[in-house]
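Asker: sequence and predicted structure below; questions after.
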Amino acid sequence: MTVSVKPGKLIKGQTGDWEVVIGMEVHAQVTSKSKLFSGASTEFGGEPNSHVSLVDAAMPGMLPVINEECVKQAVRTGLGLNAKINLRSVFDRKNYFYPDSPQGYQISQYKSPVVGEGEIVVELDGGRTATIGIERLHLEQDAGKLLHDQAPTMSYVDLNRCGVALMEIVSKPDIRDAEQAKAYVTKLRSILRYLGTCDGDMEKGSLRADVNVSVRKPGGPLGTRCEIKNMNSINFIGQAIEYEARRQIEIIEDGGTIDQETRLFDPNKGETRSMRSKEEAHDYRYFPDPDLLPLEFTQGYVDELKAKLPELPDQKKARFIESLGLSPYDAGVLVAERESAVFYETVLDGLADKARDGKLAANWVINELFGRLNKEGHGITASPVSAAQLAAIVGLIGEGTISGKIAKDLFEIVWTEGGDPRELVEARGMKQVTDLGAIEKVVDDIIAANPDKVAQAKAKPQLAGWFVGQVMKQSGGKANPQAVNDLLKTKLGI
Amino acid sequence: MSVDAATVRRIAHLARIAVTEAEVPHLQGELNAMLAFVEQLSEVNIDGVEPMTSVTPMEMKKRHDVVNDGEIPDDIVRNAPETQNHFFLVPKVVE
C-alpha cells in the first residue's frame, strides 16, 4: 500500500527550507479484564504486586496461555485501521535485562505481526486531511513499574502492569509536521475509543507514543533519526517535534551530524534531551517463543468481527453530513470524541422531527453546550443539561414555540435549575407570541409613539432594525421575529 | 559459525552473568563445541519447508478473558531477598 504523503509545513533554516519526516510507534493498552498471557487483573492501580500471577512474576515452570479477548481486540483494531489481518502470526521473545521484566524478555511479535499494512485519514486545520500509512500492529506484553525515589540506594518494583496486553501500532514515515503528528494520534485515539479496544487515557499511560524525527532537504534522502520516547500528551508531541526538528537543523547547518539516539522530552524546559546511552546499542536477540504456538484463526473469524464493528468516526461523519445536512466542520467536531457523538445522537433520538431540527441540534450541542462546558471545565459526561433536555429545547425552537433568544434563557434555567424545558416554558410564560393581532398592537403603539423615527426609516430602511429592537423589548423577546419584520415592512411602507 | 572471546564477553554481559577473564577461553570452547554440533543441521536442505512448531498438528489453546489469578502478593515476593510493602527491592537502576 502506498499512500500519497501530504507535504507538511517546511522549516526555514539558514541554508533554505527543511522538511521534517516523522514516524510513530503508539503503544495502546488493550481493553481486557485479564492480562495477555495470565488470569491476573488488568485494573489500574491496586496494591503493589497484587494484580500479579506466578506467570507474570516469571516463576520457574509457569507457561503463558493467550487471552482470546486480546486477540479479538487486536483484530478489531486492525479492521478499524483498514489494515490487512494476518491469519497466522508468531510470538517472539525480545530479550533484555532490566528489573521491570522478571522474564528477562518481553513476549512480542517481530517478523510476523497479527496485523499488517493499513491507513487512516486524519483531519487537519481548515478542513484539510492527510492519509497516514500504518506499517503494522502487533501484540506484546507491558512491563512492570519501577519507583526510583523511595530510597537512596534501591529501586522499588511493582509488577501490576507486567503482562498487560499492549498493541504497538507502527506508522509509516508519512507524517510531515507537528500538526499532522498531533492529528494522527488524535485520530488513532478516537478510532480505538470508538472500537472500545483501548480507553485512550493518556494520563494513565493507556496510550503513549514514541516519535521518530529526522529532517532533510525537501525531496532529498532521509536524514538520521532520533527517537523521542514515551510521550503521553498530544500537545507535548507537537512541542517535542518542533524542538527536535530545529535542533537537528541547527546541528546539520553548523556542519555537524546527527547521532541516532533515544531522547526524552522535558515538558518544563520544552526541550528534548539525550537519554544516557553509554550502553551499547540494543541487541534484543529475537527468537520465536517456544512456549507459544503460532497464533492462527480463519477468515470467517475475521469476517464475523468485521460485521460487528461499530460505526467509526469517518462513517459517522459522512452520515451526519449526508442525512442531516451538517457542515463537514460541525460533523467533524461532533464525531471527534466518542462521548460527544453519543450525546448528539441521543439528542437526535429525542427530536420529533430529525430532518427539520438535526442541524439546529448540532449547532446547539457545539455552540451552546460545548461552549458552556468548556467554560466551566466540565466533560460532556458531566453535563448538567441532559441530551433529552437539550432535545426538548431544540424541539421548542424548531416547532416555533420559543425564539432562539428565549431558548438561550431557557438553556440557562435548565443548566442552573434543571427541570423539563416544556414545563418551564409553560410555567414561566416564555412562549413566543405568534398571534399577529397581539404583535400588531405592539407595532402600532411604537409607530404611533415615534413619528420622527418613522420618517427617518422611510428615508433609510436600515433603521427598521431599531423598530424590531423596540418590539422585541416590549414583548419581552417573545414576539416571533419574522412576523415582526413582515409587519414593520408593511406598516412603514419600506 | 563460531564465537570469539569478545562475543563471549558480550553475551555474558547481555545476560548479566559475571564471567571472569579466566573463564572466557573455557566458555568459548564450550559454546563453539555446541555451535559445531548444531551446525550439522545446516547440511539438511530446508528450501521451502515451513518451520515445524508442533510434532502433532495442534492449534494454540486460548483462555477466556476472566480474572482468576493474582491477588497473592505475599506469595509473589516470598522468595525475594529484599521487599517492602510487597514491592521487590533491587539495587538502584536509573535510566
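Answerer: That came through fine.
Asker: next, count neighbours for A:Y243.
Answerer: Using other CB atoms under 10 Å in any protein chain shown, A:Y243 is surrounded by 20 other residues. Where you see a C-beta, it was placed from the backbone N, CA and C, and this is true even at glycine.
Asker: for the helix or strand hosting it, packing partners?
Answerer: If you go by DSSP states H and E, A:Y243 is part of helix A:234-253. Counting contacts by 3 or more CB pairs under 8 Å, 6 or more residues apart in numbering or on different chains; DSSP states H and E, helix A:234-253 is packed against strand A:11-13, strand A:16-29, helix A:178-195, strand A:207-216, strand A:226-231, strand A:262-266, strand A:271-274.
Asker: and the helices in chain B?
Answerer: B:5-14, B:24-39, B:73-77 (DSSP state H).
Asker: what's the average pLDDT for stretch A:431-441?
Answerer: Per-region confidence: stretch A:431-441 scores 76 on mean pLDDT.
Asker: residues of that stretch that come out buried?
Answerer: The neighbour-count check on stretch A:431-441 (16 or more other CB atoms under 10 Å in any protein chain shown) flags A:432-433, A:439 as buried.
Asker: so which of the residues you listed belong to helices?
Answerer: A:I439.
Asker: near chain B, which of the buried residues of stretch A:431-441 show up?
Answerer: Checked against chain B using CB under 8 Å from any CB of the partner chain, the buried residues of stretch A:431-441 give no members in range.
Asker: up against chain A, what does chain B have?
Answerer: Going by CB under 8 Å from any CB, the residues of chain B near chain A are B:10, B:14-16, B:51, B:53-54, B:58-73, B:75-77, B:82, B:84-95.
Asker: which residues touch A:E135?
Answerer: Counting by CB atoms under 8 Å, 6 or more residues apart in numbering or on different chains, A:E135 makes contact with A:23, A:117, A:170-172.
Asker: top of the residues you listed by neighbour count?
Answerer: A:S171 (26 neighbours).
Asker: any idea how far the nearest residue to it once chain neighbours are set aside lies from A:L87?
Answerer: Nearest residue to A:S171, sequence neighbours excluded (CB to CB, 6 or more residues apart in numbering or on different chains): A:M24, at 4.6 Å. Distance of A:M24 to A:L87, computed by CB to CB, to the nearest Å: 26 Å.
Asker: same thing with A:D100?
Answerer: Going from A:D100 to A:L87 by CB to CB gives 33 Å.
Asker: spit out the contact partners of A:D199.
Answerer: Contacts of A:D199 (CB under 8 Å, 6+ apart): A:29, A:31, A:193, A:206.
Asker: repeat for A:L10
Answerer: Contacts of A:L10 by CB under 8 Å, 6+ apart are A:17-19, A:218.
Asker: could those residues go into a markdown table alongside distance to A:I393?
Answerer: Listed next are these as a markdown table, based on distance: CB to CB, whole Å:
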| residue | distance to A:I393 |
| --- | --- |
| A:D17 | 51 |
| A:W18 | 52 |
| A:E19 | 49 |
| A:P218 | 52 |
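Asker: and which of those residues is nearest to A:K308?
Answerer: Of all the contacts of A:L10, A:K308 sits closest to A:E19, with 41.6 Å by CB to CB.
Asker: check contacts around the closest one.
Answerer: Contact analysis of A:E19 by CB under 8 Å, 6+ apart lists A:7-8, A:10-11, A:176, A:215-220.
Asker: pLDDT weak spots in the stretch 1-150 of chain A?
Answerer: A:1-3 (pLDDT under 70).
Asker: now the helices of chain B in a markdown table, with mean neighbour count and mean pLDDT?
Answerer: Shown next, in a markdown table, are the helices of chain B (neighbours: other CB atoms under 10 Å in any protein chain shown; pLDDT from 0 to 100):
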| stretch | mean neighbour count | mean pLDDT |
| --- | --- | --- |
| helix B:5-14 | 15 | 92 |
| helix B:24-39 | 13 | 95 |
| helix B:73-77 | 19 | 97 |
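Asker: count residues in the vicinity of B:T53, would you?
Answerer: 15.
Asker: OK, contacts around it?
Answerer: Counted by CB under 8 Å, 6+ apart, B:T53 has contacts A:288, A:293-294.
Asker: and those residues near chain B, which?
Answerer: A:288, A:293-294.
Asker: ok so, going back, among the buried residues of stretch A:431-441, which one sits closest to A:A352?
Answerer: A:Q432 (17.3 Å).
Asker: wait, what's in contact with the closest one?
Answerer: Shown in contact with A:Q432 (CB under 8 Å, 6+ apart): A:400-403, A:406, A:478-480.
Asker: list the buried residues of stretch A:317-325.
Answerer: A:317, A:320-321, A:324.
Asker: coming back round to it: pick the one among the buried residues of stretch A:431-441 closest to chain B.
Answerer: A:Q432 (54.9 Å; CB to the nearest CB).
Asker: what about the closest one, distance to A:R189?
Answerer: 43 Å.
Asker: one more: A:E426?
Answerer: For A:E426, the distance to A:R189 - CB to CB - is 44 Å.
Asker: same thing with B:V19?
Answerer: 47 Å.
Asker: out of the two, which sits in the busier spot?
Answerer: Per other CB under 10 Å, whichever of B:V19 and A:R189 has more neighbours is A:R189, with 24 against 15.
Asker: do you know how far the residue lying closest to that one once chain neighbours are set aside is from chain B?
Answerer: Closest residue in space to A:R189, ignoring its immediate chain neighbours: A:G200 at 4.3 Å, by CB to CB, 6+ apart. Separation of A:G200 from chain B (CB to the nearest CB, to the nearest Å): 19 Å.
Asker: does A:G200 touch A:S206 like I think?
Answerer: Yes. In this structure A:G200 lies within contact range of A:S206 using CB atoms under 8 Å: 6.3 Å.
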